[in-house]
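# Next input, structure requested:
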Amino acid sequence: MIFEIIKTILGIGGAALQNIQARQAAKAEAEARIIVARAEAEVKRLEKAQDAEIAWDSEAVSQMRGSWKDEWWTFLASLPLILAFLGDSSRQRVTEGFAAISHMPDWYIAIVGASVAASFGIRALVSRFGIRK
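Residues are numbered from 1 along each chain as shown. Have a look, this model is predicted:
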């Protein structure tokens, strides 16, 4: 009789232990599913961001076709370099011009910088000059 009672108690304890283990396994499986779902969502978000960047670059390149603005900015950027080789008076004008630029307001420098960067399709410089997507 005592053996029967002990056997019953051990049976109940064993069943309870199995239930606890089953709950713990189910909880671990649910947590693993959550981790996988979060990782998949992050991958999808990054893919969308990458697609948006590619579309932005594509649009910038297509808008540059037939446009003279990149040639204009190239000319303006090259002008001080050319003038620096044309004699003292030209070099003096270049020096004075850069001194004048250094006193311009930051907002104007940001607009010019963003315009040049956008003209050449350099997205990293556009964000550097304060323009956000």
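# Okay, and the residue nearest in space to the middle of the chain sits in which element?
Among the residues of the chain, the one closest to the centroid is Ala49, at 7.7 Å (Cα atoms, centre = their mean). Ala49 is part of helix 2-64 when elements are defined by DSSP states H and E.
# Heading C-terminal from that helix, find the next helix or strand.
helix 69-83.
# any idea how far that next one is from the chain center?
From the chain centre to the centre of helix 69-83 is a distance of 31 Å (Cα atoms, centre = their mean, to the nearest Å).
# chain center to the helix or strand just after it, what's the gap?
Tracing the chain C-terminally past helix 69-83 and defining elements by DSSP H and E, one meets helix 88-102 next. Taking Cα atoms, centre = their mean, one finds the center of helix 88-102 at 38 Å from the center of the full chain.
# shaky segments in this protein?
3, 5-16, 60-61, 63-67, 121-133 (pLDDT under 70).
# Ser119 - how many residues pack around it?
19 (other Cβ atoms under 10 Å). Backbone N, C-alpha and C define where each C-beta goes, glycine included.
# So it is in contact with Asp70, correct?
Yes - between Ser119 and Asp70 there is a contact at 4.8 Å, judged by Cβ atoms under 8 Å.
# and the angle for the helix holding Ala49 with helix 69-83?
70 degrees (axes from the mean of the first three to the mean of the last three Cα atoms, to 10 degrees).
# Packing partners of helix 2-64?
When contacts are defined as 3 or more Cβ pairs under 8 Å, 6 or more residues apart in numbering; DSSP states H and E, helix 2-64 packs onto helix 123-128.
# cutoff 10 Å now
helix 106-119, helix 123-128 (3 or more Cβ pairs under 10 Å, 6 or more residues apart in numbering; DSSP states H and E).
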